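A.B. asks: Any chance you could fold what I've pasted below:
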Amino acid sequence: MKKYFLISLLILAPVIANAQNDGAANTGLSFLKLGVTSRAISLGEAVVSDIDDASATNYNPAALLGGDNVNVLFMHNENILGIRTEYFAGKVKFKKIALGLSINNTSISDIQIREIPGAPLGTFDAQDFAIGLSGAYKINDMFQFGVTAKFLFEKIYIDNADGYAFDFGGLYSNKKLSLGVSLANVGSMNALRNTATVLPTSIRFGGSYLLDFPNITSGLRIAADGYKVLNGGTFHANAGAEFVYKNFLAIRAGYQSGYDDRTLTTGIGLKYKSFNLDYAFVPYKYSLGNSHTFTLGASF
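C.D. replies: Here you go, the predicted structure:
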């Protein structure tokens, strides 16, 4: 059984590494490095200063004070190599404080167990789960900060472990210019069989600027972020642009540097009254396939 477990880990490791090739040899729980929501993914995740829905719980909890008073969203992502993510987030905003909830479930099914060449000995599933509670506080008209506390769970074959992590974020906004910073996944895990998983603690910082086109009731927001997993990760310079026409149609594109398997991201969004439907498409290199993300949201 020990031999089968070790072989399953050898199979699983490159799967996760290909999904997010960033410090994979040094950290685990790679699902914490995967993007969430169609809008953020299509913008190359250059959103630490430019996000106002409930997904701020993932990128920058300080940004929960932006946007509508109440927002809920659900995301389904079909990634390469059979990786699937279901993500739910909600927020409620008051005068100077905001509260948020997020749930992330990422899984890989039917991973083959092999000891020698030939038919597999069986299959197993790997599953990662996180639930977070977030809070944000508005210091004044320009500065706000936020914190997220997360419970983490991972299961590989017959072994599982749990732990905790904290995210911290700050945001500066002044009319059309915004600057943001966040420190994510500061915490620890219990041992998975014999060894505890090292969390992918990361830092993200960046800025965004809004260009208005009042003659056509539209706007263009451009953003740039820096992102790095502190334990062995590559530094990534990400950029994104979003053109919104009459608060109805959004066309998005992004660029991510430092990844071996991808660079460009694209997406589209539609808004009708209080509801949003968004889609993101990310093509991967080396015949790995493509990532498709659908997000449905509602604001009140």
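A.B. asks: what's near enough to touch the most centrally placed residue in the chain?
C.D. replies: When the chain is reduced to its mean C-alpha position, the nearest residue by C-alpha atoms, centre = their mean turns out to be Gly35, at 2.7 Å. Contacts for Gly35 (C-beta atoms under 8 Å, 6 or more residues apart in numbering) come out as Ile41, Glu45, Thr293. Glycine gets a C-beta too; all of them are placed from N, C-alpha and C.
A.B. asks: Considering those, which possesses the most neighbours?
C.D. replies: Within the contacts of Gly35, most neighbours by other C-beta atoms under 10 Å means Ile41, with 30 neighbours.
A.B. asks: Just to be sure, it is in a helix?
C.D. replies: Yes - the assignment for Ile41 (DSSP: H, G, I helix; E, B strand; the rest coil) places it in a helix.
A.B. asks: Go ahead and confirm it touches Ala280.
C.D. replies: Yes - Ile41 lies in contact with Ala280 (C-beta atoms under 8 Å); the separation is 4.2 Å.
A.B. asks: what do those two both touch?
C.D. replies: Shared contacts of Ile41 and Ala280, defined by C-beta under 8 Å, 6+ apart, comprise Thr265, Gly267, Ser291, Thr293.
A.B. asks: Find the residue ranges of the chain scoring beneath the pLDDT cut-off.
C.D. replies: For the chain, the stretches flagged by pLDDT under 70 are 1-25.
A.B. asks: ok, now which residue in it is the farthest from the centroid?
C.D. replies: Most peripheral residue of the chain (C-alpha atoms, centre = their mean): Gly118, 37.3 Å.
A.B. asks: does that residue count as helix, strand or coil?
C.D. replies: Per three-state DSSP, Gly118 ends up coil.
A.B. asks: any idea which helix or strand carries the closest residue to Gly82 other than its chain neighbours?
C.D. replies: Counting by C-beta to C-beta, 6 or more residues apart in numbering, Gly82 lies nearest to Ile108, which is 5.5 Å off, once chain neighbours are set aside. Assessed by DSSP states H and E, Ile108 sits inside strand 97-113.
A.B. asks: So which elements touch that strand?
C.D. replies: helix 2-19, helix 56-59, strand 83-93, strand 122-138, strand 143-156 (3 or more C-beta pairs under 8 Å, 6 or more residues apart in numbering; DSSP states H and E).
A.B. asks: dump the residue contacts of Glu172.
C.D. replies: Wrong residue type there; residue 172 is Tyr, not Glu. So Tyr172 contacts Ser49, Met142, Phe143, Ser178, Leu179, Gly180 (C-beta under 8 Å, 6+ apart).
A.B. asks: can I assume it sits in a helix?
C.D. replies: No - using three-state DSSP, the assignment for Tyr172 is strand, not a helix.
A.B. asks: Give me the distance between Tyr164 and Ile113.
C.D. replies: Relative to Ile113, Tyr164 is positioned 31 Å away (C-beta to C-beta, to the nearest Å).
A.B. asks: same deal with Phe243?
C.D. replies: For Phe243, the distance to Ile113 (C-beta to C-beta) stands at 48 Å.
A.B. asks: Repeat that for Asp261.
C.D. replies: According to C-beta to C-beta, Asp261 and Ile113 sit 26 Å apart.
A.B. asks: Identify the residues contacting Ser102.
C.D. replies: 54-55, 57-58, 87-90, 130-132, 134, 148.
A.B. asks: Just give the strands next to the strand holding Ile108 in its sheet, each with its orientation.
C.D. replies: Next to strand 97-113 in the sheet, as set by DSSP bridges, lie strand 83-93 (antiparallel), strand 122-138 (antiparallel).
A.B. asks: Any chance you could give me that strand in PDB, C-alpha atoms only?
C.D. replies: Listed next in PDB are the C-alpha coordinates belonging to strand 97-113 (Å, rounded to 0.1, in the frame of the first residue of the first chain):
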ATOM      1  CA  ILE A  97     -17.200  47.700   6.900                       C
ATOM      2  CA  ALA A  98     -17.800  44.800   4.600                       C
ATOM      3  CA  LEU A  99     -18.100  41.100   5.200                       C
ATOM      4  CA  GLY A 100     -17.400  38.200   2.800                       C
ATOM      5  CA  LEU A 101     -17.700  34.400   2.500                       C
ATOM      6  CA  SER A 102     -15.900  32.200   0.000                       C
ATOM      7  CA  ILE A 103     -15.900  28.400  -0.700                       C
ATOM      8  CA  ASN A 104     -13.500  26.800  -3.100                       C
ATOM      9  CA  ASN A 105     -13.500  23.100  -4.100                       C
ATOM     10  CA  THR A 106     -10.900  21.900  -6.600                       C
ATOM     11  CA  SER A 107     -10.600  18.200  -7.600                       C
ATOM     12  CA  ILE A 108      -8.900  15.800 -10.000                       C
ATOM     13  CA  SER A 109     -10.800  12.600 -10.700                       C
ATOM     14  CA  ASP A 110      -9.700   9.100 -11.900                       C
ATOM     15  CA  ILE A 111      -6.000   9.400 -11.300                       C
ATOM     16  CA  GLN A 112      -4.400   6.100 -12.200                       C
ATOM     17  CA  ILE A 113      -2.400   4.000  -9.700                       C
END
